[in-house]
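K.L.:
Could you look at this predicted model? Sequence included:
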Amino acid sequence: MEDIFRFVDELGPVKVLHISLPQAGLKAVVAVDNTACGQAIGGVRMAPNVSADEACRLARAMTLKNAAAGLPHGGGKAVIFGDPRMPACDKERVVRAFAVAIAGLTEYVPGPDMGTDELAMGWVHDEIGRAVGLPRELGGIPLDEIGATGFGLAAAVEVACSAIDLDLKGARVAVQGFGAVGKHAARFLAQKGCVLVACSDSKGTVSSPDGLDVGALVSFKNAGESVTDCPCGEKAGAEAIIDVPCDIWIPAARPDVLNKGNAGRLKARIVAQGANIPCTPEAEAILESRGILVLPDFVVNAGGVICAATEYHGGNESSAFAAIDEKIRTNTLAVIQDSRRSGISTRAAAIALAMTRVRNAKRVRRWR
Ligand code: NAD
């Protein structure tokens, strides 16, 4: 028999809920990893091939991300087995059934993730009065529309530049993946005086050493086109972005884009991880051995969850931006300083920072 406690360590998961309601077409797993810092916040992922393992791993990632961000929240994650493109009425039935099934799991606050959106969170909220990432009409702050994660990344880059004496004004930026995270990061960095020398999406790369027009590229993406459709710069395949000389390289697309086979090609001084796990551990080791400053994903891409937590506590768009700015600046600086002081990688420093916060919170909690 499979050992259902195989994931458990000193932190959690404290609860794993398996839900099967065949009459509603619902099969789901919720992992509440740890609640020492507060109610667990984490997304609801809908996909045909999700698993309990994935829910537990992602829930742990949320514990670390929320603790690293200094939020009064633990980590959790839910997965619903199903095709997210199922007919809307079926999706509504499945998501509402999911909401009712987790009504009593009050230590978990669901949010949007791959395959779910603000409408789905609206259904959850309608059933149980508990969800983040809500439609604007219900008090939601549309984090992708306002660019919460890109804004936080830009703040982290500013801190990192001053730590390595790199002038932000005129610093050359390359963004891999020009979606919700990447295009807003480019926009906020351009406002700070950086020059976007390259960007890419799944169709290819566009680059120009003299700088690209960020506004024009964003307009093309917002119109559903590719950055390669924009009549500017030189065009090349999607992989070409790795070879563009720059100061700041921002992965904002898929996991594992930098690996041991290509990390040696990167010509940058800072890698600011917008995407989740964009570098394999081998790639991060190569980058650090080459003196490239790596800003770890769960520290610098926490703008979205900080925004969601602000929404949950009744804040508005401007308080969300203020919280993102303050928290990401403080935590990025702490990670860089700790890594230098202890001679460890920035990722090791970030994990230590998050773990210390969770352990300190556990000390004042009876069961958590
Ligand atoms: P998105 O779907 O809006 O954008 C992704 C972009 O990447 C698209 O433009 C797509 O064309 C491009 N892309 C896909 N494959 C590519 C490739 N091989 N090369 C270059 N570009 C490619 O997604 P998003 O919300 O911007 O999320 C991007 C990443 O950031 C994901 O890893 C996500 O988990 C992570 N993340 C997102 C948020 C958020 O607030 N949206 C927060 C934290 C982390």
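P.N.:
Sure, I can see it. Numbering: from 1, shown residues only.
K.L.:
show me what contacts the residue of the stretch 1-150 of the chain found nearest the ligand?
P.N.:
Minimum separation of the stretch 1-150 of the chain from the ligand (CB to the nearest ligand atom) falls at Thr149, amounting to 3.6 Å. Where C-beta positions appear, they are placed from N, C-alpha and C, glycine not excepted. Thr149 makes contact with 143, 180-181, 184-185, 274, 301-304, according to CB atoms under 8 Å, 6 or more residues apart in numbering.
K.L.:
Please list which of these also come close to the ligand.
P.N.:
143, 180-181, 274, 301, 304 (CB under 6 Å from any ligand atom).
K.L.:
Output the residues you listed in CSV; the columns should cover secondary structure.
P.N.:
Shown next, in CSV, are these (DSSP: H, G, I helix; E, B strand; the rest coil):
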residue, secondary structure
Leu143, helix
Ala180, helix
Val181, helix
Gly274, coil
Asn301, coil
Gly304, helix
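K.L.:
Buried members of those residues into ChimeraX, please.
P.N.:
With 16 or more other CB atoms under 10 Å as the criterion, this ChimeraX line picks the buried residues out of the ones next to the ligand among the contacts of Thr149:
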select :143,180,181,274,301,304
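K.L.:
Pull the most distant pair out of the ones next to the ligand among the contacts of Thr149.
P.N.:
Leu143 and Gly274 (13.5 Å; CB to CB).
K.L.:
hang on, the earlier thing: using TSV, lay out the contacts of Thr149 together with pLDDT and distance to Val173.
P.N.:
Formatted as TSV, the contacts of Thr149 follow (pLDDT from 0 to 100; distance: CB to CB, whole Å):
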residue	pLDDT	distance to Val173
Leu143	92	22
Ala180	92	17
Val181	95	13
His184	97	13
Ala185	98	8
Gly274	97	12
Asn301	96	16
Ala302	97	20
Gly303	97	17
Gly304	95	20
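K.L.:
Among those residues, pick out the one closest to Thr63, please.
P.N.:
Set against Thr63, the nearest of the contacts of Thr149 by CB to CB is Ala302 (12.5 Å).
K.L.:
residues contacting the residue in the stretch 101-250 of the chain that the ligand sits nearest to?
P.N.:
Among the residues of the stretch 101-250 of the chain, Gly179 lies closest to the ligand, at 1.7 Å counting by CB to the nearest ligand atom. Contact partners of Gly179, counting by CB under 8 Å, 6+ apart, are 201, 221, 252-253.
K.L.:
Tell me the one of the contacts of Thr149 nearest Asp83?
P.N.:
Ala180 (22.0 Å).
K.L.:
In CSV, list the C-alpha atoms belonging to the helix or strand encompassing Leu196.
P.N.:
Here Leu196, judged by DSSP states H and E, is contained in strand 195-201. Written as CSV, here are the backbone C-alpha positions of strand 195-201 (Å, rounded to 0.1, in the frame of the first residue of the first chain):
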residue,chain,number,x,y,z
VAL,A,195,16.7,49.6,-21.7
LEU,A,196,14.9,46.5,-23.1
VAL,A,197,17.4,45.0,-25.5
ALA,A,198,15.5,41.7,-26.1
CYS,A,199,12.3,39.9,-25.4
SER,A,200,10.7,36.6,-26.5
ASP,A,201,7.6,34.6,-26.5
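K.L.:
next SSE after it?
P.N.:
strand 204-207.
K.L.:
Which residues does that next one contact?
P.N.:
174, 197-200, 212, 217, 226-228, 230, 232-241, 244.
K.L.:
any idea of the pLDDT on Asp3?
P.N.:
Listed pLDDT for Asp3 reads 79.
K.L.:
What count of nearby residues applies to it?
P.N.:
Neighbours of Asp3 under the rule other CB atoms under 10 Å: 7.
K.L.:
In helices only, show me the contacts of strand 204-207.
P.N.:
Within these, residues falling in helices by DSSP state H are Leu217.
K.L.:
filter the contacts of strand 204-207 down to the ones near the ligand?
P.N.:
Answer for the contacts of strand 204-207 near the ligand (CB under 6 Å from any ligand atom): 200, 238.
K.L.:
Just the buried ones from the contacts of strand 204-207?
P.N.:
Of those, these count as buried by 16+ other CB under 10 Å: 174, 197-200, 212, 217, 226-228, 230, 233, 235-236, 238, 240-241, 244.
K.L.:
Just those: which are in strands?
P.N.:
Among these, the members falling in strands (DSSP state E) are 174, 197-200, 235-236.
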